[in-house]
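Engineer: My questions are about this predicted structure, shown below with the sequence.
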Amino acid sequence: MAHWLFKSEPDVFSFDDLIAKGDKGEQWDGVRNYQARNNMRAMKVGERGFFYHSNIGKEVVGICEVIAPAHPDSTADDPKWECVDLKAVAWVVNPVTLDDAKAEPRLKDMILVNNSRLSVQPVSDAEWQVILEMAGGTRAI
DNA sequence: GCCAACGTTGGC
DNA sequence: GCCAACGTTGGC
């Protein structure tokens, strides 16, 4: 199972907002970047990703799960833009900040750390485990 | 609020 | 098909 990371500005759409959508979740719309779209096309239902708050907090706050494969983004005027549907699964116990991640040698190759603006990223299994460990695990939403 | 990094657009 | 101009993202 592949792992992912989704960036969002919390004052636009936060992890709390995704939790509020419940099991029906929400489409991850608004992505207008080919790399990010291609990452979403590669996702399978049941795969999980970190939910990262950019700008405010700059930290991984929770875990979400893909509940529908890529489909045209209803907010786009061109069907070439696709998105998956996500639901919230769990909080992390302690949010892992960008600074924390930068300070961790095992995360030096992580896309997030390497100052990429990519809003939907793959996360390696090793990186996934390191972040979970740094977060002290998860707790129920 | 600034600006660096990066992706996209459009003229040639 | 190249590349300069421009717009956007996101850390600081």
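Structural biologist: Now that the structure is in, tell me what you want to look at. What you see is a predicted model; the values in this text were computed from it and never measured. Residues are numbered from 1 along each chain as shown, chains lettered A, B, ... in the order given.
Engineer: is the helix or strand harbouring residue A:37 up against DNA strand B anywhere?
Structural biologist: Per DSSP states H and E: residue A:37 is located in helix A:34-41. Yes. Helix A:34-41 lies within reach of DNA strand B by Cβ under 7 Å from any atom of the strand, at A:34-35. C-beta here means a position set from N, CA and C on the backbone, and glycine is covered the same way.
Engineer: quick one: residue A:5 from residue A:127, how far?
Structural biologist: Here residue A:5 is placed at a distance of 9 Å from residue A:127 (Cβ to Cβ, to the nearest Å).
Engineer: buried ones in stretch A:43-63?
Structural biologist: Within stretch A:43-63, the residues that count as buried by 16 or more other Cβ atoms under 10 Å are A:43, A:47-54, A:57-63.
Engineer: picking up where we left off before, centre of the chain to the helix holding residue A:37, how far?
Structural biologist: Centroid separation for helix A:34-41 versus its chain: 13 Å, with Cα atoms, centre = their mean, to the nearest Å.
Engineer: Run through the residues that contact the residue nearest to residue A:107 when sequence neighbours are not counted.
Structural biologist: Sequence neighbours aside, residue A:101 is the residue nearest to residue A:107 in space, at 4.9 Å (criterion: Cβ to Cβ, 6 or more residues apart in numbering). Under the criterion of Cβ atoms under 8 Å, 6 or more residues apart in numbering, the contact list for residue A:101 reads A:60, A:107, A:110, A:112-113, A:131, A:134.
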